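Colleague: Got a sequence here, can you build the structure:
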Amino acid sequence: MSDYKEILTKKITESIKQNESSTSKKTLFIPMGIDLSTEYPENNFSSLNTDSSLLDVVEYTKTRIHQDIVNNYSDNRSWMWLSYEEYSQCREIIDGFFEVRFLKNNLYYNFYPLKQNLDLAELAYEKDGEELEDEQQNQLDLFYSFYGSALRTDAGRYFVSYQLEPSNEQLIEIFAPQPNLGLLEKISNSAKHVELESETDFLDLTADILEGESFEHIQLLTETQNLNNIPDKLLERVEILLDLVPTKNSLGIVIVRPEQKPIQHSEEYHRILSEYWGYPSFRDLEIYKDVQKSKEIINVSQEAIIDSIVSQAEQALKGESYRDVFVTSPTGAGKSIMFQIPAIYMAENYRDEKPLTLVISPLISLMQDQVAGMKKKQYNKAATINSNLSIIDKNRIVNQIKNGEIDILYLSTETLQNRSNIGDLIGDRKIGLFIVDEAHIVTTWGKSFRADYWYMGIYLQKLRQKHNFPIVTFTATAIYAGVENMYAEIRTSLNMVRPITYFGKVKRNDIYMEVFDESHEDLKGKDYLTTKYNLVLSRLKLFSKNNMKTLVYFPTVKTLLAVHSFLKQSPEIYDQTSVYYGPLNKELKEEAYQDFRLGKKPVMLATKAFGMGIDISDIQNVYHYAPTGDLLDYIQEIGRVARDERLNGYAWVDYFKNDLFEIQRMHGMSAIRKYQILAVMQKIREIYRTKKTRNLIMNADDFRYLLQNANAEDDSSIDNRLKIILLMIEKDFEQKYGYSAFYARPRQYFGKELVFGNEEQRKLWKEYGYDGYLSRVDTLINHDKYDSVYAFNLVALWEDCYKNISYPQFKYFVFTGASLDNKLSQSDRDFFGQLNFCSGLKYKLTVSASQALADFKKNLKVLDDFLMQCQIGPRYFDRKMLASFLQKKLKIESSKASRLSDSIINNLLQYQDSRQIKAIMEKPRGKQMKYSVLLNYDQLLDRLESVARNLLIKRFNQGTADEESVVLYRRRIFANSKTRGANTEVIVLGLMESFGLCSYEVISSDSPEIYIRVNSMYPIERALENPDQYQNQLLSDVAKKYYISVGMFKYLFTMPKYGNNEMEIVMNYTNEFWDIVEDYFFGKFPAAVEKEIYQPRGRSH
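Modeller: Sure thing, here's the model as predicted:
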């Protein structure tokens, strides 16, 4: 039996004695992970029973707490204790009378055991993030008024995180452990094995030991080589646990390394390989034996990886414990075979269970190619569901899945997450395998332009509460260690369970690096472009002369098209050249691809859109006009050469200093700023206070003025940027507090659109027979043309009349009136052309309209003074300079001045994105963004004041009003499917909200809504109170990775070369290049790059 209770009581007594107040105030201890009711009942502050419900606690703190304070304040006890739950509801009152100390059982980190109110914890764990009926929502509201989040272990125990974070002065940790690295030992088959880095497993083990369960020997397993990198203070907690088990020798730590196992179903795997692929044997892959120990390479058969996947899928299907699988292998190593054969094997050998394999693929073309490839092999049980399919085709495939006719389904993460109920997609089928192809996208695209990849782990966590299946990831490139540890990121993001890992060899011995350093030529402008264009042409002439198929990469479409046009001066090269880029017409893309593949045009000019899934074996050259992204992108792109083992490949670069300008510009345009994160938190707080509910449905347009990118070609990324920011906030708070202030879950498709209505319009709707799809939502006052606003149920019309095309396609035809390939009837095109779609702006003033206008004009005058000074004095200003000026002139706190500065600059940039009038211009200066003041800035300020006057004084123009708020409806202009018609008014309202004069929201179904469940405002309040001190670790990591890539490019492209002849120089440089790249994948950088990464920089505002 454990002596835990005796040890704990002794530790508590010591801690209390050492920390009794030395002031006139009594000490009040708040236990965290400790039950004081048995040993110290006489010191209980509360008159409430210790087994009371949360509702009882709420009632107590409202009605009886004051009397207890009076009674306890004057009695003769030197110290008392109060439960966390009771204290959390009345801390403002308590803190004024007592010296509060938090007594923490540091066997726990962020999650503490829960012994009562388990029904609420179960609801929070199972239904968190979902939209519920009122009764359940009220129960959740009650739970989240006390706790941050709930955790359930495999043994069914519940643990909760607390919302309060004690200061260092208030916190008392019961135990004082020292991490013991002498616990390492070899694995023993007879021991109880627990995964060290699984919080739930460790909590179960802790509970078992504290409850007196005896184990002969316990081994904690980890794959982390450096034990100091293990999170959540687990080493300290292990040391504490060591004192509580029967003997000191009964607990140890084992660093687990991959082991080769005998193949279980070799005959079956070979049969499937032969039947569908026609191959007699599997290939060997070069795999690192142990990436945490050395770079030693071993040969591992595809069959061994297949068997690992199958064995885990079988264990999951049987309800046994299982692990996930993580595989990296070079492009062309046969990744598809390694998940398709397990899928086929599972389907054929477990017919009663009917396991379905889901494959997440990033591109529709990839999905279609994979399915077509399977059908060519005479395997007809693979299918894809994607946005190109009509509802009829989708329903047909769903029925085939439910009937067991499909065993491998390819789909995008967006399509998957649109199915809140997976049963709608798979019926009663079990999930046998969940494959994530091109898994590096989870942490690259997921944090840039495909946010749903980053949200996928949250979805999978919910899915695995009801389904048992291994997650298997495949990628050609993943960094294994160090600052950019993609393996750890992907594993954490997808919540992978102690994955079995196969890390493929990074070096490509068959790719020679032809890199020419021209960085000494400090060319700019036209000189730079002319030189670069001519170099491309001369290289292509050389490659053409040698009959070498060549792929040329460009960072932007604009540069690609400019070079393509330049090649016209050499018709023989121009005629051999195809182009391929994202916005290119699908048919032209396919034609270009086939011309290049078949050798009709042996030169391809492409952006990074020409990448994944491109299977052309005889490319010999990849030439980079300039890098298209980070170093991983570059390694993947040059990896497209020499897939035919009989060929050598060559990677060409003519490197100039300006070559990195495009990726620097793209990073500057796309980078999320700290001020935007703070602004989003501020907006959520404002809406939370206004609506007075924890469950918020917010339109992405509400955040538009915060996130608009003035440099972007269009604003279609707003929704995506918002998703990323929300998840950055969420994950950062989870790391800091063990719970997030809120959980945001995007919604995808919405079927109702707002339209203006009057008698003429109503007759039109009836004439076409569509009046049944419209319902009145608002009545207009003082509108010169329309009397009402209606909601048009477009999704119902689509379901009734246009199921043969997808809903996004239907909306596109409705809103654009596109004549090319329009699937709508001519009658419907005429009908929709006569509708006037609209959006609403709803705002509520905090002061009178006249006072709001006066304050707005006063703030504009201060801004005018600042901009005028900048025109006369310094050439550039930054956000900090404006904030300092505002603080001084408006006499406000520095934190408010910083937020106001950010809002003003962002709104000015957005305004000039939608109008020709410009006030300021962005100018990158070193690592910071500076701004210059333009001559006609006063015209913009005059325009803003005019719009504010119309909003505040002529308030009822084209809108409705009640006592509390005003709604303005504006015709919606469909440009990139965004609300540009009311753009200027949105900007002015955004400024007014920043000035504290109003709160507002956009009423529109044009962009996806976001469901936000607020758990606690405490982390947000704390961040907004001290914005200068707030740091988002995820944002810092993104910036650091960018600087690493830039530093690595500079280093690799400017390395000195040596050798006695040209061939020897190339060989030496190539060997050194791949050595450095391999080190990079192992988390090691050259000293010069380390300096580049960690040199001091201006803060990111």
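
Colleague: Can you list the buried residues in stretch 523-539?
Modeller: Going by neighbour count (16 or more other Cβ atoms under 10 Å), the buried part of stretch 523-539 is Tyr528, Leu529, Thr531, Lys532, Tyr533, Leu535, Val536, Leu537, Arg539. Where you see a C-beta, it was placed from the backbone N, CA and C, and this is true even at glycine.

Colleague: Beyond the host helix or strand of the fourth one, next helix or strand please.
Modeller: If I follow you right, that is Lys532. Assessed by DSSP states H and E, Lys532 sits inside helix 525-545. Following helix 525-545 in sequence order, the next helix or strand is strand 550-553 (DSSP H and E).

Colleague: what angle sits between the very next helix or strand once past that following strand and helix 525-545?
Modeller: Sequence order places helix 557-566 as the next helix or strand after strand 550-553, per DSSP H and E. Using axes from the mean of the first three to the mean of the last three Cα atoms, to 10 degrees, the inter-axis angle of helix 557-566 relative to helix 525-545 is 60 degrees.

Colleague: Could you export helix 557-566 as PDB, CA atoms only?
Modeller: Extracted in PDB, the C-alpha atoms of helix 557-566 (Å, rounded to 0.1, in the frame of the first residue of the first chain):
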ATOM      1  CA  VAL A 557       2.400  34.200 -61.400                       C
ATOM      2  CA  LYS A 558       3.400  37.800 -62.400                       C
ATOM      3  CA  THR A 559       7.100  36.900 -62.700                       C
ATOM      4  CA  LEU A 560       6.300  33.600 -64.500                       C
ATOM      5  CA  LEU A 561       4.200  35.400 -67.200                       C
ATOM      6  CA  ALA A 562       6.800  38.200 -67.600                       C
ATOM      7  CA  VAL A 563       9.500  35.600 -68.300                       C
ATOM      8  CA  HIS A 564       7.200  33.600 -70.600                       C
ATOM      9  CA  SER A 565       6.600  36.800 -72.600                       C
ATOM     10  CA  PHE A 566      10.400  37.500 -72.600                       C
END
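
Colleague: Quick one: mean pLDDT for the helix or strand following that helix?
Modeller: The C-terminal neighbour of helix 557-566 among helices and strands, as given by DSSP H and E, is helix 571-574. For helix 571-574, mean pLDDT rounds to 94.

Colleague: Quick one: list the elements packing against helix 571-574.
Modeller: helix 525-545 (3 or more Cβ pairs under 8 Å, 6 or more residues apart in numbering; DSSP states H and E).

Colleague: what is the mean pLDDT for the helix it packs on?
Modeller: Over the span of helix 525-545, the pLDDT mean works out to 94.

Colleague: Please name every helix or strand in contact with it.
Modeller: Using 3+ Cβ pairs under 8 Å, 6+ apart: helix 525-545 touches strand 550-553, helix 557-566, helix 571-574, strand 603-606, strand 621-624, strand 649-655.

Colleague: that older thread, would you format the buried residues of stretch 523-539 as TSV with distance to Val1089 included?
Modeller: Converted to TSV, the buried residues of stretch 523-539 look like this (distance: Cβ to Cβ, whole Å):
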residue	distance to Val1089
Tyr528	25
Leu529	29
Thr531	27
Lys532	25
Tyr533	30
Leu535	26
Val536	28
Leu537	33
Arg539	28
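
Colleague: Gln676 should be in a strand, yeah?
Modeller: No - if the criterion is DSSP: H, G, I helix; E, B strand; the rest coil, then Gln676 is helix and not within a strand.

Colleague: hang on, isn't it packed against Met728?
Modeller: No - with contact defined as Cβ atoms under 8 Å, Gln676 and Met728 do not form a contacting pair (9.9 Å).

Colleague: Helix, strand, or coil at His1001?
Modeller: For residue 1001 the amino acid is Glu, not His. strand.

Colleague: is it in a bridge, and if so with what?
Modeller: Counting by DSSP bridges, Glu1001 forms beta bridges with Lys842.

Colleague: what's the burial count for it?
Modeller: Per other Cβ atoms under 10 Å, the neighbour tally for Glu1001 reads 22.

Colleague: tell me the pLDDT at it?
Modeller: Glu1001 is assigned 78 on the pLDDT scale.

Colleague: what's the answer for Thr50, then?
Modeller: 81.

Colleague: Would you mind giving the secondary structure of it?
Modeller: Classified using three-state DSSP, Thr50 is coil.

Colleague: how close does the residue lying closest to it once chain neighbours are set aside get to Arg101?
Modeller: Spatial nearest neighbour of Thr50, chain neighbours left out: Ser37 (4.5 Å); criterion: Cβ to Cβ, 6 or more residues apart in numbering. According to Cβ to Cβ, to the nearest Å, Ser37 stands 18 Å off from Arg101.

Colleague: ditto for Gln264
Modeller: Counting by Cβ to Cβ - Gln264 and Arg101 are separated by 57 Å.

Colleague: So the two - more neighbours on which side?
Modeller: Using other Cβ under 10 Å, the more surrounded residue of Gln264 and Arg101 is Arg101, with 22 against 12.

Colleague: Specify the local secondary structure of the more buried one.
Modeller: Classified using three-state DSSP, Arg101 is strand.

Colleague: hey, what's it bridged with?
Modeller: Beta-bridge partners, per DSSP bridges, of Arg101: Phe29.

Colleague: quick one: it and Leu107, what's the gap?
Modeller: Arg101 is 18 Å from Leu107, by Cβ to Cβ.

Colleague: Ok, Gln136 next?
Modeller: Between Gln136 and Leu107 the computed distance is 33 Å (Cβ to Cβ).

Colleague: before we move on, what about Lys532?
Modeller: Distance from Lys532 to Leu107, counting by Cβ to Cβ: 62 Å.

Colleague: With Ile697 instead?
Modeller: Ile697 is 40 Å from Leu107, by Cβ to Cβ.

Colleague: Which one of the two is surrounded by more residues?
Modeller: It is Leu107, of Ile697 and Leu107, that has more neighbours when counted by other Cβ under 10 Å, with 27 against 13.

Colleague: tell me the contacts of the residue nearest to Asn386 when sequence neighbours are not counted?
Modeller: Sequence neighbours aside, Ile364 is the residue nearest to Asn386 in space, at 4.7 Å (criterion: Cβ to Cβ, 6+ apart). By Cβ atoms under 8 Å, 6 or more residues apart in numbering, the contact list for Ile364 reads Thr384, Asn386, Ser387, Asn388, Ser412.

Colleague: Could you find the lowest-pLDDT member of the residues you listed?
Modeller: When the contacts of Ile364 are compared by pLDDT, Asn388 scores lowest at 71.

Colleague: Pretty sure that residue sits in a strand.
Modeller: No - judged by three-state DSSP, Asn388 forms no part of a strand; its state is coil.

Colleague: sorry, back to before: go through the buried residues of stretch 523-539 and say which is closest to Gln170.
Modeller: Closest to Gln170 out of those is Tyr528 (59.8 Å), distances taken as Cβ to Cβ.

Colleague: thinking that closest one is in contact with Asp659, fair?
Modeller: No - taking contacts as Cβ under 8 Å, Tyr528 lies outside contact range of Asp659: 9.2 Å.
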